[in-house]
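Colleague: I'll drop the sequence and a predicted model, then ask my questions.
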There are 2 protein chains.
Amino acid sequence: MPVNTTPSYADVLAARQRVYRFLQPTPLHHYAGLDALVGAEIRVKHENHQPVGAFKVRGGVNLVAAMDVATRQRGLFTASTGNHGQSIAFAARAHGLQATVVVPEDANPGKVAAMRGLGARVLLHGRDFDQSRQYAGQLAEESGGYFVGPTDAPLIAGVGTYALEILQQWPEVEAILVPVGAGSGACGTAIVAKAVRPEIQVIGVQSAQAPAMQQAWKTGRLTEGEMHTIAEGLATRVPFENTQRIMRALLDDFVLVSDEALQQAVLHYLQHAHQLVEEAGAAALAAAIQLKDRLAGRKVVVIASGGNLGLRNLQQVLQTVQT
Amino acid sequence: MPVNTTPSYADVLAARQRVYRFLQPTPLHHYAGLDALVGAEIRVKHENHQPVGAFKVRGGVNLVAAMDVATRQRGLFTASTGNHGQSIAFAARAHGLQATVVVPEDANPGKVAAMRGLGARVLLHGRDFDQSRQYAGQLAEESGGYFVGPTDAPLIAGVGTYALEILQQWPEVEAILVPVGAGSGACGTAIVAKAVRPEIQVIGVQSAQAPAMQQAWKTGRLTEGEMHTIAEGLATRVPFENTQRIMRALLDDFVLVSDEALQQAVLHYLQHAHQLVEEAGAAALAAAIQLKDRLAGRKVVVIASGGNLGLRNLQQVLQTVQT
């Protein structure tokens, strides 16, 4: 599948045979405490239970498994704030390949350690993701390696498998809220939901402190945005063309939540679900609380997209938020 | 199956059809940071990913599904420090039954809220689990209800299904470390491991601040022990006869770890695996670290038996332990 195409529902279905060679379906759990917060029937899609702690690993294993042998052996290069890099590192190791991941200089140290633990070469370069991405692209070109972009079509098709699971686990679902960093999760979700039952509302969520993707979705213009969120998984400064195209066609809404609301949602996950969820991963719950009037009484899935919260961030959540 | 018998390997195999009607297998994940701590190949059995956050739910659904209709409809009574009660509440709700759970007066509030969220009637009575247990038995007798003991044979057979999963997920496993509260987890594990490959070492773990079960295992005498652990899941004062009998026959070793080591293990899970694990659930990892010389280079599974850590306990872990 060319990297910049729009994956189809059939591409997501086809991804299953590759994804489930390495991964198992994640649970969709219910917690009375979360229902009470939103006034709706909330179920949590536990992508934080994945082996690298985030949904992206579905995309990584799909992409690498679908690559031809000659391309694979050139070596994989990518850039990441952490979870995408872990995904590519996991997929590369599963296939005996070398991965190089460029991360921003202030990257989450737990994610960096995890990537190295998976055998990846990790280079700290750039102030933010977009700078790291440029450097990774340059390294790939210099060495003849293969550059994996964070929104390549096979990644979207792979992550879409969690939406297939949701529709099997809870066919009655009425709305799915999904955090947006580069947009692969929201695109995979919308491609599946709209193919199967178009009346399912799919709502993207980004931090108000990093709204580039949401602004592009609203305006149709791919302009750079401000970016100073604490949620590295949402920290996108330059919008991605292909995921924007898909989201503009398929998302029902795209909302912003404050970083404070993200931290509060992390705390709610700890308190009511006993789950460690990182700030970006808690964005969908934060949005559900913000949209409680609209969601009242509905059947709502929130994607807990990742759990890789650093200890320092956890301490901040426990200190700064009213318990 | 009479409640005080020893379940067989066949009973565990038979439990699968009931368990998987309500639950799905839990993952067995690997984290490089945990390997480094122990100097062994460590995989974590994620029973903290269960819908009620603990392994016990496997036993609850097995027990209730196997009950005859007349007995079920008398209503279920049990006592719990939290996770067993959630398990029975979950299983009762799944079958449309009423459950009454007696918990100690200082019970983990998150666990109490979760039981109520699952529709159980929760009564706070007694200073500790053993006092709550007496009261629950009395209530059951007065009302003609059915009392579920925390080590009833169908519970052991149900929880044994996680050991079947481990042997499928990692057939080469050499040692399994499992926390012991009432002992159902250790018994289920040992029944399966010894039936399939007796050379697998099965090691029980308890807190040195609540060593009644370990002392009974060492001495063969069921005497009451001191009990002042922070880990409510390990807080057993009066040993259980049936699980003792099984453990004395099948466990290879039974070790104690300090409450401080439990808190340190909770921190390791947060830091290296990004997982919220309660103190009792972290006992197996604490023991693996303590036994690192003996386990060096081996293939070791640690059971993360539960994740229901209260916010206050989490704050204590982050405050009191050297990070």
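Modeller: Structure received. Residues are numbered from 1 along each chain as shown, chains lettered A, B, ... in the order given.
Colleague: got a list of what A:Thr320 touches?
Modeller: Applying CB atoms under 8 Å, 6 or more residues apart in numbering or on different chains, we find A:Thr320 in contact with A:Gln263. In short, each C-beta sits where N, CA and C put it, glycine included.
Colleague: same question for A:Thr151.
Modeller: The contact partners of A:Thr151, taken as CB under 8 Å, 6+ apart, are A:182-184, A:187, A:240, A:242-243.
Colleague: now do 7 Å
Modeller: A:Thr151 sits next to A:182-184, A:240, A:242-243 when contact means CB atoms under 7 Å, 6 or more residues apart in numbering or on different chains.
Colleague: ok so it is a helix residue?
Modeller: No. For A:Thr151, which was evaluated using DSSP: H, G, I helix; E, B strand; the rest coil, the result is coil, with no helix membership.
Colleague: please report the distance of it from chain B.
Modeller: The spacing between A:Thr151 and chain B, counted by CB to the nearest CB, to the nearest Å, is 24 Å.
Colleague: go on, A:Val148?
Modeller: On the measure of CB to the nearest CB, A:Val148 and chain B end up 22 Å apart.
Colleague: I'd say that residue and A:Thr78 touch.
Modeller: Yes. Contact between A:Val148 and A:Thr78 holds when scored by CB atoms under 7 Å: they sit 4.2 Å apart.
Colleague: and A:Thr71, how many neighbours?
Modeller: Counted with other CB atoms under 10 Å in any protein chain shown, the burial measure for A:Thr71 works out to 12 neighbours.
Colleague: and what of A:Arg312?
Modeller: A count of nearby residues for A:Arg312, using other CB under 10 Å, gives 12.
Colleague: same question, A:Ala182
Modeller: The local packing of A:Ala182 (other CB under 10 Å) involves 27 other residues.
Colleague: can you classify it by secondary structure?
Modeller: When the structure is split into helix, strand and coil by three-state DSSP, A:Ala182 lands in coil.
Colleague: phi first, then psi, for the closest residue to it other than its chain neighbours.
Modeller: The shortest distance from A:Ala182 to any residue other than its chain neighbours is 4.3 Å, reached at A:Pro150 (CB to CB, 6 or more residues apart in numbering or on different chains). Listed backbone geometry of A:Pro150 is phi -70, psi -10, with angles given as degrees, to the nearest 10.
Colleague: need the residues of chain A near chain B, please.
Modeller: The interface of chain A toward chain B, taken as CB under 7 Å from any CB of the partner chain, is made up of A:24-25, A:27, A:29, A:32-33, A:46, A:49, A:51, A:53, A:110, A:113-114, A:117, A:270-271, A:274-276, A:307-309, A:311, A:314-315, A:318, A:323.
Colleague: one more pass at 6 Å, please.
Modeller: Applying CB under 6 Å from any CB of the partner chain, one finds that chain A approaches chain B through A:29, A:32, A:49, A:51, A:53, A:117, A:271, A:274, A:276, A:307-308, A:311, A:315, A:318.
Colleague: put the alpha carbons of the helix or strand hosting A:Phe90 into CSV.
Modeller: Per DSSP states H and E: A:Phe90 is located in helix A:83-94. Taking only C-alpha atoms (Å, rounded to 0.1, in the frame of the first residue of the first chain), the coordinates of helix A:83-94 have been written out as CSV:
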residue,chain,number,x,y,z
ASN,A,83,5.0,5.7,21.4
HIS,A,84,5.4,5.5,17.6
GLY,A,85,9.1,4.8,18.1
GLN,A,86,8.3,2.0,20.5
SER,A,87,5.9,0.6,18.0
ILE,A,88,8.5,0.5,15.2
ALA,A,89,11.1,-0.8,17.6
PHE,A,90,8.8,-3.6,18.6
ALA,A,91,7.9,-4.5,15.0
ALA,A,92,11.5,-4.3,13.9
ARG,A,93,12.6,-6.6,16.7
ALA,A,94,9.8,-9.1,15.9
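Colleague: how about it: buried residues?
Modeller: Of the residues in helix A:83-94, those buried under the neighbour-count criterion (16 or more other CB atoms under 10 Å in any protein chain shown) are A:83-94.
Colleague: sort the residues you listed by pLDDT and name the bottom one.
Modeller: pLDDT across the buried residues of helix A:83-94 is lowest for A:Asn83, at 88.
Colleague: what sits closest to that residue if chain neighbours are left out?
Modeller: Taking CB to CB, 6+ apart as the measure, A:Asn83 lies nearest to A:Ala54, with 3.8 Å between them; neighbours along the chain are not counted.
Colleague: per-domain residue ranges of chain A.
Modeller: A:9-55+A:154-320, A:57-150 (automatic domain parsing).
Colleague: got TSV for these, with distance to B:Glu232 too?
Modeller: TSV is the format used below for the domains of chain A (distance: least, CB to CB, whole Å):
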stretch	distance to B:Glu232
domain A:9-55+A:154-320	13
domain A:57-150	28
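Colleague: run through chain A and note the low-pLDDT ranges.
Modeller: By pLDDT under 70, the weakly predicted segments of chain A are A:1, A:321-323.
Colleague: next, name the residue at the spatial heart of it.
Modeller: Closest to where the C-alpha atoms of chain A average out (CA atoms, centre = their mean) is A:Gly185, at 5.1 Å.
Colleague: is that residue in a helix, a strand, or coil?
Modeller: The assignment at A:Gly185 comes out as helix when based on three-state DSSP.
Colleague: repeat for A:Phe77
Modeller: In three-state terms, and counting by three-state DSSP, A:Phe77 is strand.
Colleague: residues in contact with the residue nearest to the centre of chain A?
Modeller: A:Gly185 sits next to A:55, A:159, A:178, A:305 when contact means CB atoms under 6 Å, 6 or more residues apart in numbering or on different chains.
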